[in-house]
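Chemist: Predicted model follows, preceded by the sequence.
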Amino acid sequence: MRWSSALKISLVATGLIGLAGCADFESIRLQLDDLKSQVAKLQNETTRVTTAANAASAYATSAAARAQKAVSQVQSETRANATAIAALNDKIDRMFKRPLSKSSSSGQAANSEPMAAPLRDERTTN
């Protein structure tokens with residue numbers, strides 16, 4: 001009898017430990033479910049942030065390409081303007097280097113107005 005009551009007590013103790021263990025498994029399972037949902041939320045957030053970063057990168061690349069195109073266009077227009085200015089300056093220089101006509105070099109101009117003094121070239125005079 002003694003063995004049977006000792007056996008009964010050990011079986012009851014084992015059952016209680018088993019039930020206590022099941023309760024621990026339930027809390028662990030709940031924690032695992034919570035962690036799974038957090039991981040899913042983080043994966044969604046990571047996907048959203050990655051998509052936004054890729055879109056921002058594409059926009060920045062496009063803006064940089066547009067800026068480079070604008071710079072190239074401005075440089076081209078600057079070269080064209082510089083060429084036009086140089087041609088205009090050459091034309092002005094040639095105008096002032098022309099010899100005076102014979103009627104004005106004889107001392108009496110066709111009209112009685114005095115001749116204007118020639119303009120100084122500011123580029124060569126420093």
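Modeler: Everything's here; your move. Just so it is clear, the structure is predicted and the values come from calculations on it, not from any experiment. Numbering: from 1, shown residues only.

Chemist: shaky segments in the chain?
Modeler: Applying pLDDT under 70 to the chain flags the ranges 1-7, 13, 16, 18-24, 99-126.

Chemist: tell me the helices in it, going along the chain?
Modeler: Listed in chain order, the helices of the chain (DSSP state H) span 2-97, 102-105.

Chemist: Switch those over to TSV; also include mean neighbour count.
Modeler: Backbone N, C-alpha and C define where each C-beta goes, glycine included. Converted to TSV, the helices of the chain look like this (neighbours: other Cβ atoms under 10 Å):
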stretch	mean neighbour count
helix 2-97	10
helix 102-105	10
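
Chemist: how far away is Leu49 from Ala63?
Modeler: Quick fix: residue 49 is Val, not Leu. Distance check for Val49 against Ala63: by Cβ to Cβ, to the nearest Å, it reads 21 Å.

Chemist: I meant Thr46, not that one.
Modeler: 26 Å.

Chemist: same question, Ala87
Modeler: From Ala87 to Ala63 the distance is 36 Å (Cβ to Cβ).

Chemist: Please apply the same query to Phe25.
Modeler: Counting by Cβ to Cβ, the gap from Phe25 to Ala63 is 56 Å.

Chemist: Ala84 too?
Modeler: Applying Cβ to Cβ to Ala84 and Ala63 gives a distance of 31 Å.

Chemist: Kindly report the same for Ala86.
Modeler: 35 Å.

Chemist: Lys97 too?
Modeler: Distance from Lys97 to Ala63, by Cβ to Cβ: 51 Å.
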